[in-house]
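K.L.:
Here's a sequence, model it:
(4 chains)
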Number of protein chains: 4
Amino acid sequence: LRSLAHIGHVELLTPSPQESLRCFTDVLGMRELHRAGDSVYLRGDGEYEQYGLKLKAAKHAGLGHVAIRARGPKQLDAVVARLVAAGVNGRWTDGDFGHGAAFRFTGPGGGHDLELYWESERFIPPSTEPLTGSRPLGLYGGPGVNVRRLDHLNLLAADPAAAAAFAHGQLGFAEYDRLHDDAGALVGSWLSLGSRPIELVYTQDPLRAQGRLHHLAFWVDTREDVLRAADVFVDHEVPIEVPPAQHTIGGGFFLYGFEPGGNRIEVTTAAQLVIDPDPDTRIWTASQRQAGVGWGTVFPPSWHDYGTPDLAAK
Amino acid sequence: LRSLAHIGHVELLTPSPQESLRCFTDVLGMRELHRAGDSVYLRGDGEYEQYGLKLKAAKHAGLGHVAIRARGPKQLDAVVARLVAAGVNGRWTDGDFGHGAAFRFTGPGGGHDLELYWESERFIPPSTEPLTGSRPLGLYGGPGVNVRRLDHLNLLAADPAAAAAFAHGQLGFAEYDRLHDDAGALVGSWLSLGSRPIELVYTQDPLRAQGRLHHLAFWVDTREDVLRAADVFVDHEVPIEVPPAQHTIGGGFFLYGFEPGGNRIEVTTAAQLVIDPDPDTRIWTASQRQAGVGWGTVFPPSWHDYGTPDLAAK
Amino acid sequence: LRSLAHIGHVELLTPSPQESLRCFTDVLGMRELHRAGDSVYLRGDGEYEQYGLKLKAAKHAGLGHVAIRARGPKQLDAVVARLVAAGVNGRWTDGDFGHGAAFRFTGPGGGHDLELYWESERFIPPSTEPLTGSRPLGLYGGPGVNVRRLDHLNLLAADPAAAAAFAHGQLGFAEYDRLHDDAGALVGSWLSLGSRPIELVYTQDPLRAQGRLHHLAFWVDTREDVLRAADVFVDHEVPIEVPPAQHTIGGGFFLYGFEPGGNRIEVTTAAQLVIDPDPDTRIWTASQRQAGVGWGTVFPPSWHDYGTPDLAAK
Amino acid sequence: LRSLAHIGHVELLTPSPQESLRCFTDVLGMRELHRAGDSVYLRGDGEYEQYGLKLKAAKHAGLGHVAIRARGPKQLDAVVARLVAAGVNGRWTDGDFGHGAAFRFTGPGGGHDLELYWESERFIPPSTEPLTGSRPLGLYGGPGVNVRRLDHLNLLAADPAAAAAFAHGQLGFAEYDRLHDDAGALVGSWLSLGSRPIELVYTQDPLRAQGRLHHLAFWVDTREDVLRAADVFVDHEVPIEVPPAQHTIGGGFFLYGFEPGGNRIEVTTAAQLVIDPDPDTRIWTASQRQAGVGWGTVFPPSWHDYGTPDLAAK
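P.N.:
Okay, the predicted model is just below:
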């Protein structure tokens, strides 16, 4: 079942495309690599593929789709065959800028569009001279936060147990952590295709809506980079929702804010690798999770209530 | 009026002397240098004098006294003469472990005991071999947080305007920042004898009591050290009051918690030096100050209400 | 061929067992977990198994063996069957403290003892209270460098091409980077069982000897921790061979020194994860590698000449 | 004698003005504030005055002048009167962009032009909104290294003992550290007007020439910023002379490179404040200094031989 390798990119929808683009380039420090129609393809300087973010103009903020790269062509065929056999109603597309044919379908439990692909163009830096050195994959010194790559995303699901069961059982994600409510129902699931503790999170959508996004997270290399990011957010008037602190689950160090389209974004680092090949899923209760926030950081209500599209606002 | 050099040490009172001592040594990483009566003298490895903290067993938590070193013997005499001329009712003591004769008096406005001294024994590291190198003043690698030195303290004052006016006018502190309430009254004053933005802070005592302490702050060298300190606090069950974040006033990066005696302690770094020899005092309103917390950190009510001794609890 | 999960622990030989033990505990901050015969079992606070280092008294410094954990019991059997079919001359042992039955054999090309196992006791922290929080796997705040876990090791091989071919072909290591000499012969191979860029390195033994060790590397979480480690080394008179800098290959940030037994140890962090499921092996020439040391760090001759046991010294 | 406050700015000469300017803006992240004739005025975002660097086109690289701000108008007059009485041959100028009347003269021992001034325009950020917060003095998030301010400079002197004696005796610099050669002659002097351990350094010019510059140092806030600066230098092809490491004297963490005009520049942080109001000058021998480089960093010959203008090259 180890057919999929990692989440490759995310398509993000924004009703304020110009302002969102400026935020992702000038504040987060991503580079515009390509533009087609009302979409802009953006990369962090540590992505080995062409891009990690496809930013698309849309009426409402939220998630377009999540694209997951397979471990190889046979593995892609195998996982698709398995999905089809399981009754998943998907279709092949010709692919997109930077990657080949993809199998697109809507994931159960959450109603989010997922896409599986194998063929991918690697990013070749324009000049290789300074790159033989410390960072072979791209130029450093971008402006602002200078995020290195897409890291993970958190989707809101009407039925997170069903969404997680599908991700685990059909797509081969390991479930490293799970959150139960007081009645013992799964209300959060932390999933990964590899040793990173978090690639995909499903949490309970408070509105029980379909297809909504909680946040998209970008990686930086050090905790100092996250602290610096908070200053950069302030200077560029990017609203901070939760200032830098440390997560209980996964151990990541974070900063949350909102890009101008309204989508919540996270700058993150320091998550602890899962080296154990077969760890037990850790079960957390809400009170354990809160007690377990080692540093006692209090999350504002918005963090529990808000997602995109912001259906509550309509 | 530049007669005084810096705050040298603070005497801290604790009703739980053994637990407090263990916290300052095992958690904060200070070294016990001397013991006399019910007092223990403790140093961070970056103090050039013998110690920065005198921990004394007492019925209640709170401040014993603040000791300020003069720039020289003549300067000490000059400032004492000025105080006496101004009607300050003080007395000379023979000094204490590590320092010579001191002029002790109670500061107006706050009712805190202050002490001025000049003669001071410098700390001589036990072995100088590894110390010719990077850190001439002491051994590194202490346990836990490994604070470098006493940095500053915040006193609660029934009349902070009077306390600040005395510190500025009689003791020669520069007032770099000042906090006004909505009626324009001074409710906070940030004072320094040098280019560090904060050495002594007076803020309004919510109980209008005399002689109470808000917190004592210890310096570490990097923001990473403060983040690490939060983990060390958690592991040693030292309660965290405010997790790591950045101050508006002074720009310091901080962590607040409580030592077992009940006194609030801060681990701090990164305050921006005041290089301007003659800066204007910055005036802040409470709303500016809150808005100005760049990262939006919310302080819990305890931070505004609690001081030692905890008169409210009695 | 993805049968093996990760390197679990290393047995290190030392002619100065007491001094070495003190270095690993007081300076590197590992914890002694168990003692049997002339061996001490040591863990970093981030190891999920019982230990990452078995320190054994011996006449000469060097490597005892490298233990690699399989992904599961069937995978262990499968890889052993494959080895036996390939003519590898090994034997099963009953295991050791903390792990079950192991297949022990001598790897070709380098003559190092390797051991494969599956059953492993997880480390259960003595008190779970502070551990629900930020770091579920162990207590923080150890003394000194406080390394988190064994990270990787570099073995000297008389025939590194043969050693690497075996590791890749029989054990399933991915070879992410390879170093060629001017004649095009492989003189270095960087191998991994997962997304960490380096777990096992084979480089040319300048003496063409069998079974020697270049260095053992321990992980810390931040570059600041590596800088701090340099200060801790100085204070504890642990000789520094190469002060903190950044590797070309793998991108890791490092510090090299010598433990009292004579073995070279590295403190490392910040290696860039390999997210690409099927990357091309990067080929480096010696001049590219040197030119490629982004920061221009010059390694001393000892780094190229010295290994343990130090046959040159005899 | 405490008449002078701090070094305010430095005029740097460059034979490659466009390339140098690009380096100071795009790589070091300073902002161009003003342009007049063949000079550009540049500021780091932490300077309280208008600028810290005046970059001037010239036939050869090197130092234009060093400008030192007095503590007040009377203090300026007092120090000038003292200089004139001591036979210093100077003249008043009307000042320059950003500051008022200045007394200009050539310092003995080194032959460098020095300038003393009091009146100075403070920098007012263009928009104060994001600035009420964490950093009141300027916008963060500049490109590249994003240095905060000019920190110190090192001048080469034919007679460093004479230069240091003048700085100490006439200008009121404290001499915190002094380097002696084997014959006991002063070959280096570390001077400061305040609690920063280094503002002005005089070291022996190997060519016994007049007026040459060893390096100009810019401050960043954390050691991580210095490490990041090394990556930024590599990417922008700014030659690194000495990769990041720690100084013995002063304890600063550094990176050395060359701007395109040929002048050596340093990125620095973490120097330990001198809190002692009356410390003894530390005397170092060359061998102590080398032994004392805690981490064992070896400086290349160029660091001892090269200065600007590069008379050796002509």
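
K.L.:
What strands flank the lengthiest strand in chain A, and is each parallel or antiparallel?
P.N.:
Longest strand in chain A by number of residues (criterion: DSSP state E): strand A:4-14. Strand A:4-14 sits in its sheet next to strand A:53-57 (parallel), strand A:62-70 (antiparallel), going by DSSP bridges.

K.L.:
now that strand: how far from the chain's centre is it?
P.N.:
Centroid separation for strand A:4-14 versus its chain: 7 Å, with C-alpha atoms, centre = their mean, to the nearest Å.

K.L.:
what's the answer for stretch A:44-55, then?
P.N.:
12 Å.

K.L.:
What of stretch A:302-314?
P.N.:
That offset, for stretch A:302-314, works out to 18 Å (C-alpha atoms, centre = their mean).

K.L.:
who's in contact with it?
P.N.:
A:13, A:60-63, A:156, A:205-207, A:209, A:212-214, A:241-242, A:256, A:261-264 (C-beta atoms under 8 Å, 6 or more residues apart in numbering or on different chains). C-betas here are computed from N, CA, C, even on glycine.

K.L.:
ok, A:Glu175 - how many residues close by?
P.N.:
Other residues within reach of A:Glu175, judged by other C-beta atoms under 10 Å in any protein chain shown, total 19.

K.L.:
Please report the distance of it from A:Arg223.
P.N.:
27 Å (C-beta to C-beta, to the nearest Å).

K.L.:
which ones are touching the residue of the stretch 201-314 of chain A found nearest chain D?
P.N.:
The nearest approach of the stretch 201-314 of chain A to chain D comes at A:Glu224, 3.9 Å away (C-beta to the nearest C-beta). Under the criterion of C-beta under 8 Å, 6+ apart, the neighbours of A:Glu224 are B:223-224, C:224, D:222, D:224-225.

K.L.:
Show me what stretch A:271-278 is in contact with.
P.N.:
With contacts defined as C-beta under 8 Å, 6+ apart, stretch A:271-278 is touched by A:174, A:176, A:192, A:195-198, A:250-252, C:5-6, C:46, C:48, C:69-72, C:122, C:135, C:137, C:149, C:194, C:196.

K.L.:
what about that stretch, start to end distance?
P.N.:
For stretch A:271-278, the first-to-last residue distance is 18 Å (C-alpha to C-alpha, to the nearest Å).

K.L.:
and that stretch, what's its mean pLDDT?
P.N.:
Here stretch A:271-278 scores 89 as its mean pLDDT.

K.L.:
So which bits of it are buried?
P.N.:
A:271-277 (16 or more other C-beta atoms under 10 Å in any protein chain shown).

K.L.:
just those residues now: which is nearest chain C?
P.N.:
Once C-beta to the nearest C-beta is applied, the member of the buried residues of stretch A:271-278 that ends up nearest chain C is A:Pro277, at 3.6 Å.

K.L.:
Which of the three states applies to the closest one?
P.N.:
coil (DSSP: H, G, I helix; E, B strand; the rest coil).

K.L.:
Could you do A:Leu255 as well?
P.N.:
Put simply, A:Leu255 is strand when judged by three-state DSSP.

K.L.:
list the contacts for it?
P.N.:
A:226, A:229-230, A:233, A:240, A:242-244, A:266-268.

K.L.:
Quick check, pLDDT for it.
P.N.:
96.

K.L.:
now swap in A:His9 and tell me
P.N.:
98.

K.L.:
Over to A:Thr248?
P.N.:
So A:Thr248 comes in at 76 (pLDDT).

K.L.:
And A:Val84, by the same measure?
P.N.:
So, for A:Val84, pLDDT stands at 97.

K.L.:
again, but for A:Phe123
P.N.:
pLDDT recorded at A:Phe123 is 88.

K.L.:
Tell me if I'm right that it and A:Gly46 touch.
P.N.:
No - in this structure, A:Phe123 is not within contact of A:Gly46 by C-beta atoms under 8 Å, at 9.8 Å.

K.L.:
one step back: can I get the strands paired with strand A:4-14 in a markdown table with mean neighbour count and mean pLDDT?
P.N.:
Formatted as a markdown table, those follow (neighbours: other C-beta atoms under 10 Å in any protein chain shown; pLDDT from 0 to 100):
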| stretch | mean neighbour count | mean pLDDT |
| --- | --- | --- |
| strand A:53-57 | 22 | 98 |
| strand A:62-70 | 24 | 98 |
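
K.L.:
Those into JSON lines, with extra columns for distance to A:Asp38?
P.N.:
As requested, the strands paired with strand A:4-14 are exported to JSON lines (distance: least, C-beta to C-beta, whole Å):
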{"stretch": "strand A:53-57", "distance to A:Asp38": "4"}
{"stretch": "strand A:62-70", "distance to A:Asp38": "11"}
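
K.L.:
what's the helix or strand for the residue of the stretch 201-314 of chain A closest to chain D?
P.N.:
Assigned by DSSP states H and E, A:Glu224 belongs to helix A:223-235.

K.L.:
ok now that helix, how far from the chain's centre?
P.N.:
Mean C-alpha position of helix A:223-235 versus that of the full chain (C-alpha atoms, centre = their mean) differs by 20 Å.

K.L.:
likewise stretch A:156-167?
P.N.:
16 Å.

K.L.:
Next secondary structure element downstream of the helix-or-strand element of chain A with minimal mean pLDDT?
P.N.:
Lowest by mean pLDDT, DSSP states H and E among the helices and strands of chain A is helix A:286-292, with a mean of 67. Next in sequence after helix A:286-292, counting helices and strands by DSSP H and E, comes helix A:301-305.

K.L.:
Give me the mean pLDDT for that next one.
P.N.:
Helix A:301-305 carries an average pLDDT of 93.

K.L.:
cool, and stretch A:168-182?
P.N.:
Mean predicted confidence for stretch A:168-182 is 95.

K.L.:
Relative to A:Asp96, how far out is the nearest residue to A:Ser39 once chain neighbours are set aside?
P.N.:
Among residues not flanking A:Ser39 along the chain, A:Lys56 sits closest, at 4.4 Å (C-beta to C-beta, 6 or more residues apart in numbering or on different chains). Taking C-beta to C-beta as the measure, A:Lys56 falls 11 Å from A:Asp96.

K.L.:
Show me which residues of stretch A:70-89 are buried.
P.N.:
For stretch A:70-89, by 16+ other C-beta under 10 Å, it's A:70-71, A:75-76, A:79-80, A:82-83, A:88.

K.L.:
A:Ala164 looks like it's in a strand, true?
P.N.:
No - counting by three-state DSSP, A:Ala164 is not part of a strand but helix.

K.L.:
OK, contacts around it?
P.N.:
Residues near A:Ala164 by C-beta under 8 Å, 6+ apart: A:109, A:175, A:178, A:186, A:189, A:191, A:202.

K.L.:
Could you give the bridge partners of the second one?
P.N.:
The bridge-partner assignment for A:Glu175, based on DSSP bridges, gives A:Leu191.

K.L.:
shouldn't it be in contact with A:Ser189?
P.N.:
Yes - here A:Glu175 reaches A:Ser189: they are 5.6 Å apart, a contact under C-beta under 8 Å.

K.L.:
what's the angle between the helix holding A:Glu224 and helix B:223-235?
P.N.:
110 degrees (axes from the mean of the first three to the mean of the last three C-alpha atoms, to 10 degrees).

K.L.:
helices and strands around the next helix or strand after helix A:223-235, which ones?
P.N.:
Sequence-wise, the next helix or strand downstream of helix A:223-235 (DSSP H and E) is strand A:240-246. Secondary structure elements in contact with strand A:240-246, counted by 3 or more C-beta pairs under 8 Å, 6 or more residues apart in numbering or on different chains; DSSP states H and E, are helix A:223-235, strand A:253-258, helix A:301-305, strand B:240-246.

K.L.:
what about the third one, distance to the chain center?
P.N.:
Using C-alpha atoms, centre = their mean, the distance from the centre of helix A:301-305 to the centre of the chain it belongs to is 18 Å.
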